[in-house]
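Colleague: This is the structure alone, sequence omitted:
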């Protein structure tokens, strides 16, 4: 028993080390700093004083995009889970998990179409009244999103309330003291976007300098040359693009000469991001659910394109390249394939073990799909949804190509070692199974009425190619369209998750092979 325990412990340590080795030194430094500072402050009973702000300078904004309806008279619905509070809102309600609680404290509902000025003010004041006892809602990420939502709401309704302003100003300085350098990625970007709103709303130079410092550095780091957000999730790309457009709205309507070049910079990033979104979005407006992506969280492509138009920013499609995605269209189908690395190395929390995954729409309807995302909780479901077996690719010897673990961690990961692109054909090789001594090569050939997918392994192994179909697709339709010679087609069931906490039965096709597999998808 002791030997087994020792082996399990050693495997966990190796997994952790293979995760940490990809982190930036800045992340490690800030993780240590924040842990030690927290212990020090606990000893000396540190607390943030209310930072009063008495000068009010009105700003202007035109309306951007409505949020989905999530508030209804003391009740809230986030992530497809409802909660009715009887007497007052419990801003620490944790029964539905941390993400639900975070959504409660984001205050996105202030942007929903049917919320009244009085309801919004009552909720803001209730939050302020309870703020001394609020825990997770005072983390930097919720503060960031809440800050933007409060500034928007107060501005739209021309509200100048000293108590609210003082609370918001205090929250911005709590954020400034807890910037998420230990996480980076979209978290630090959200910090920067929110600080920019706080800087303009309060005419605060300290917030302004830090906002521009973060946004200038991180947008250059996080937006790839083809316009994709580097976490390679279409959903997070849409959210980050929304923030860029909101920032342009803020700067255009409250022009300051000192931000003239910064506004040009934001416009350039918006152009790139809009171009990528235009290229990756299906013709019917659907977002491919690649990596951590799900519906009803981010603004839709249509909403973002319309918002950009109101800001006088045009949408011009770009060539998909650095993001690792490729898209092929014919009159009858669209296919998106993934031949990129997990990215970025130091923050792959929203990545899946899905190298060589692909999705297909036929006649503007989903046919082959990504299995989706139903939870961010650290549990078996989360691990399964990130696994190789939950994607349209090849699993070898029952293992993941990339070592996804926990809720948002990846240890060793597959790397692309070769790509060839020619004559409507893409061929790529990854080394995710190098521990097994195997390289996996997949080739797609795109024709007007057919897609051919060929898999080859550098040596024989127990391999399974899986294809996940939309719930509307029947077994008979699959048999009509999928052709594989000399190998048995095995049909199973899986849970399709187009939204959080949503699971629908659908068919998965499993094809076992040893070394080579050729499959035709007839359109």
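Modeller: That came through, no problem. None of these values were measured; they are calculated from a predicted model. Residues are numbered from 1 along each chain as shown.
Colleague: Hmm, residue 236 is touching residue 290, no?
Modeller: No: if you go by C-beta atoms under 8 Å, residue 236 and residue 290 don't touch, sitting 10.6 Å apart. Using the backbone N, CA and C atoms, a C-beta is placed for each residue, glycine as well.
Colleague: what's the spacing between residue 106 and residue 352?
Modeller: 25 Å (C-beta to C-beta, to the nearest Å).
Colleague: Please say which of those two ends up with more neighbours.
Modeller: residue 352 (30 against 21; other C-beta atoms under 10 Å).
Colleague: so what pLDDT did the closest residue to the more buried one other than its chain neighbours get?
Modeller: Distances taken as C-beta to C-beta, 6 or more residues apart in numbering place residue 386 nearest to residue 352, at 4.5 Å, with adjacent residues excluded. You'll see residue 386 listed with a pLDDT of 98.
Colleague: And residue 386, how close does it get to residue 455?
Modeller: Residue 386 sits 21 Å away from residue 455, going by C-beta to C-beta.
Colleague: Mind checking which of these two has more residues around it?
Modeller: Shown here are residue 386 and residue 455; by other C-beta under 10 Å, residue 386 has more neighbours (28 against 20).
Colleague: Now do the contacts for the more buried one.
Modeller: 351-353, 404 (C-beta atoms under 8 Å, 6 or more residues apart in numbering).
Colleague: mind listing the helices for the stretch 151-300 of the chain?
Modeller: In the stretch 151-300 of the chain, the segments counted as helices under DSSP state H, counting those that start in this stretch are 162-176, 185-202, 205-222, 234-253, 260-280.
Colleague: Mind checking which of the contacts of residue 386 are in strands?
Modeller: residue 404 (DSSP state E).
Colleague: excluding its backbone neighbours, what's nearest residue 262?
Modeller: Computed as C-beta to C-beta, 6+ apart, the closest residue to residue 262 that is not its neighbour in sequence is residue 212, at 6.0 Å.
Colleague: re the thing from before, most packed of the helices of the stretch 151-300 of the chain?
Modeller: Mean neighbours per residue, mean count of other C-beta atoms under 10 Å, is largest over those for helix 185-202, with a mean of 25.
Colleague: tell me which strands and helices that helix is in contact with?
Modeller: helix 140-156, helix 162-176, helix 205-222, helix 234-253 (3 or more C-beta pairs under 8 Å, 6 or more residues apart in numbering; DSSP states H and E).
Colleague: Could you export these as CSV, including distance to residue 321 and mean pLDDT?
Modeller: Compiled in CSV, the helices and strands packed on helix 185-202 are given as follows (distance: least, C-beta to C-beta, whole Å; pLDDT from 0 to 100):
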stretch, distance to residue 321, mean pLDDT
helix 140-156, 31, 98
helix 162-176, 35, 96
helix 205-222, 16, 98
helix 234-253, 15, 98
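Colleague: of those, which approaches residue 53 most closely?
Modeller: For residue 53, the closest of the helices and strands packed on helix 185-202 is helix 162-176, at 4.0 Å, according to C-beta to C-beta.
Colleague: Might you report the residue contacts of residue 115?
Modeller: With C-beta under 8 Å, 6+ apart, residue 115 has these contacts: 71, 109.
Colleague: wait, is it part of a strand?
Modeller: No: read with DSSP: H, G, I helix; E, B strand; the rest coil, residue 115 is coil and lies in no strand.
Colleague: With residue 299 as the reference, measure out to it.
Modeller: 17 Å.
Colleague: Next: residue 153.
Modeller: 17 Å.
Colleague: what would the helices of the stretch 151-300 of the chain look like in TSV with distance to residue 339?
Modeller: Converted to TSV, those look like this (distance: least, C-beta to C-beta, whole Å):
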stretch	distance to residue 339
helix 162-176	38
helix 185-202	22
helix 205-222	21
helix 234-253	16
helix 260-280	14
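Colleague: Can you check what pLDDT the model gives residue 18?
Modeller: Each residue has a pLDDT score; the one for residue 18 is 86.
Colleague: Validate this expectation: it resides in a helix.
Modeller: Yes: using three-state DSSP, the assignment for residue 18 is a helix.
Colleague: nearest residue to it other than its sequence neighbours?
Modeller: Counting by C-beta to C-beta, 6+ apart, the residue nearest residue 18 is residue 411, at 3.7 Å.
Colleague: and the one you found, how many neighbours does it have?
Modeller: By other C-beta under 10 Å, neighbour count at residue 411 equals 20.
Colleague: That one touches residue 20, doesn't it?
Modeller: No: judged on C-beta under 8 Å, residue 411 makes no contact with residue 20 at a distance of 9.1 Å.
Colleague: got any residues that touch both of these two?
Modeller: Common neighbours of residue 411 and residue 20 (C-beta under 8 Å, 6+ apart) do not exist.
Colleague: burial count for residue 97?
Modeller: 18.
Colleague: what about it, distance to residue 136?
Modeller: To residue 136, residue 97 is 11 Å away according to C-beta to C-beta.
Colleague: Between those two, which contacts overlap?
Modeller: With C-beta under 8 Å, 6+ apart, residue 97 and residue 136 have no common neighbours.
Colleague: what's the domain layout of this structure?
Modeller: Here the domain parsing of the chain from automatic domain parsing is 1-46, 49-222, 227-316, 325-522.
Colleague: Can you give the distance of the first one from its chain's centre?
Modeller: Right, domain 1-46. 25 Å (C-alpha atoms, centre = their mean, to the nearest Å).
Colleague: One more: the second one?
Modeller: Using C-alpha atoms, centre = their mean, we find the averaged C-alpha position of domain 49-222 to lie 19 Å away from the chain's own average C-alpha position.
Colleague: and that domain, how far apart are its ends?
Modeller: 34 Å (C-alpha to C-alpha, to the nearest Å).
Colleague: Just grab the bridge partners of the closest residue to residue 474 other than its chain neighbours for me.
Modeller: Setting aside the residues directly before and after it, residue 474 is nearest to residue 507 in space (C-beta to C-beta, 6+ apart), at 7.7 Å. Judged by DSSP bridges, the bridge partners of residue 507 are residue 493.
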